[in-house]
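Colleague: The following comprises the amino acid sequence and a computationally predicted model.
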Amino acid sequence: MKTRIATVLLASAVSLVAMQAAAADKVTLQLKWVTQAQFAGYYAAKDKGFYEAEGLDVEIKPGGPDIAPAQVLAGGGADVIVDWMPSALATREKGVPLVNIAQPFKSSGMMLTCLKETGITKPEDFKGKTLGVWFFGNEYPFLSWMATLGIKTDGSPDGVTVLKQGFNVDPLLQKQAACISTMTYNEYWQVIDAGIKAEDLVTFKYEDEGVATLEDGLYALEDKLADPAFKEKMVKFVRASMKGWKWAEENPDDAADIVLENDASGAQTESHQKRMMGEVAKLTAGSNGALDKADYDRTVKTLLGGGSDPVISKEPTGAFTTEITAAALK
């Protein structure tokens, strides 16, 4: 009899768990890049139960060199993506109606890292040099910056030669380029770890040069946001995600450990992820998730300032909404 009662109780418990799981709203997040501390807030939100507390079952899909988040979103493979605003606005102008629903990253971590031996001390010294640039949507901030400086990117004597840089630092290490694209939280440290001393490098942060554009925002499709149920799901997702980001800022080493636990590739190292989390925390600091209109306007102005070849050709309309974060922050 006891065995039968225990069996019934166990079956009831399993059924309850199954019902709770079924009741949870499924959300799929597509990251811009591989599992690393750049996305620690989302992993922390899942690990610490912040998504579960909102009734969400969140799947976090890592990105990679062959994954374009906007394409995944447009194809129905994700509900929400992490993307940079230059890429998102260019994609929107091409017909994929991406909408920024939250902006966890307040500051830009992008910069050019140059070998001091090349004689580069200021942006004007870029002329005649080869510069490594990421593509797949990451080239837009660079092209806007060069346009602002009046420097052509056609390889002419008074311009620069653009080397399509892979997602590594080899062009600098092998001296194929005078400067390469780096992030404050990632590739710069790869250069240092490769044996080049900080005093042998010159860095130009987009933030310091006045051409910073917004990075790592959350984007959803405009037509999906017209559905009240989806909208409410995004409110819950953003609220939990920002709790995750603030927790990660306050507990950087623990957040890095959570990232490592989720790294199926096993490629990440503890020292690199903890250092990365420390740098990423500087970029999310000051953000409650709400998009700052001044930051948005600066980004748009930079992207429009491309001379005869701007990243976007006209002022965007409907490219962001503050409704999600306004509801999430109540």
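Modeller: Thanks, I have it. Numbers count the residues shown, from 1 in each chain.

Colleague: Ends of stretch 199-218, what's the gap?
Modeller: Stretch 199-218 has its terminal residues 36 Å apart, counting by Cα to Cα, to the nearest Å.

Colleague: measure stretch 166-177 end to end?
Modeller: Stretch 166-177: ends 12 Å apart by Cα to Cα.

Colleague: element containing Thr91, please.
Modeller: helix 85-93 (DSSP states H and E).

Colleague: Make sure Cys219 is actually in contact with Ile101.
Modeller: Let me fix one detail, which is that residue 219 is Tyr and not Cys. Yes - if you go by Cβ atoms under 8 Å, Tyr219 and Ile101 touch, sitting 6.7 Å apart. No exception for glycine: its C-beta is placed from N, CA and C like everyone else's.

Colleague: okay, and the common contacts of those two?
Modeller: Val80 (Cβ atoms under 8 Å, 6 or more residues apart in numbering).

Colleague: The helix holding Thr91: what's the following helix or strand?
Modeller: strand 98-102.

Colleague: what does the average pLDDT come to for that next one?
Modeller: On average, the pLDDT along strand 98-102 is 98.

Colleague: what angle sits between that strand and helix 85-93?
Modeller: Using axes from the mean of the first three to the mean of the last three Cα atoms, to 10 degrees, the inter-axis angle of strand 98-102 relative to helix 85-93 is 140 degrees.

Colleague: ok now the helix or strand just after strand 98-102, how far from the chain's centre?
Modeller: Where DSSP H and E defines the elements, the next helix or strand beyond strand 98-102 is strand 110-115. Distance of strand 110-115 from the chain centroid (Cα atoms, centre = their mean, to the nearest Å) equals 19 Å.

Colleague: which strands and helices sit next to the helix or strand following strand 110-115?
Modeller: Downstream of strand 110-115, the next assigned helix or strand under DSSP H and E is strand 130-133. In terms of contacts (3 or more Cβ pairs under 8 Å, 6 or more residues apart in numbering; DSSP states H and E), strand 130-133 is packed against strand 161-164, strand 179-183.

Colleague: model confidence over strand 130-133, on average?
Modeller: Mean predicted lDDT for strand 130-133 stands at 97.

Colleague: List the buried residues in the next helix-or-strand element following it.
Modeller: Remark: after strand 130-133, the chain's next helix or strand is helix 140-149, criterion DSSP H and E. For helix 140-149, burial by neighbour count (16 or more other Cβ atoms under 10 Å) applies to 140-148.

Colleague: what angle do helix 140-149 and strand 110-115 make?
Modeller: 70 degrees.

Colleague: Centre of the chain to helix 140-149, how far?
Modeller: 20 Å.

Colleague: what angle separates it from strand 179-183?
Modeller: With the same axes, to 10 degrees applied, the angle from helix 140-149 to strand 179-183 works out at 130 degrees.

Colleague: Looks like Gly109 contacts Leu214 (just checking).
Modeller: No - the criterion here is Cβ under 8 Å, and Gly109 misses it with Leu214 at 11.3 Å.

Colleague: Those two: which is more packed in?
Modeller: For the pair Gly109 and Leu214, the greater number of neighbours falls to Leu214 (27 against 23), based on other Cβ atoms under 10 Å.

Colleague: rewinding a little: could you list the alpha-carbon positions for the helix holding Thr91 in PDB?
Modeller: The C-alpha coordinates for helix 85-93 follow below in PDB (Å, rounded to 0.1, in the frame of the first residue of the first chain):
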ATOM      1  CA  MET A  85      22.700  49.200 -33.800                       C
ATOM      2  CA  PRO A  86      24.600  50.000 -36.900                       C
ATOM      3  CA  SER A  87      24.000  46.600 -38.300                       C
ATOM      4  CA  ALA A  88      20.400  46.600 -37.000                       C
ATOM      5  CA  LEU A  89      19.600  49.900 -38.700                       C
ATOM      6  CA  ALA A  90      21.200  49.000 -41.900                       C
ATOM      7  CA  THR A  91      19.300  45.700 -41.900                       C
ATOM      8  CA  ARG A  92      16.000  47.600 -41.100                       C
ATOM      9  CA  GLU A  93      16.600  49.900 -44.100                       C
END
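
Colleague: So which elements touch it?
Modeller: Using 3+ Cβ pairs under 8 Å, 6+ apart: helix 85-93 touches helix 69-74, strand 98-102, helix 140-149, strand 217-221, helix 293-304.

Colleague: so, if you compare the buried residues of helix 140-149, which one comes nearest to Met183?
Modeller: Nearest to Met183 out of those is Pro141 (Cβ to Cβ; 11.6 Å).

Colleague: Do I have it right that that closest one meets Tyr206?
Modeller: Yes - counting by Cβ under 8 Å, Pro141 does reach Tyr206; the two are 6.0 Å apart.

Colleague: Now distance to Trp33, mean pLDDT and mean neighbour count too, for the helices and strands packed on strand 130-133, in TSV please.
Modeller: Putting those into TSV (distance: least, Cβ to Cβ, whole Å; pLDDT from 0 to 100; neighbours: other Cβ atoms under 10 Å) gives the following:
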stretch	distance to Trp33	mean pLDDT	mean neighbour count
strand 161-164	17	96	15
strand 179-183	10	97	25
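
Colleague: In TSV: these, plus distance to Gln268.
Modeller: Output for these, formatted as TSV (distance: least, Cβ to Cβ, whole Å):
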stretch	distance to Gln268
strand 161-164	25
strand 179-183	15
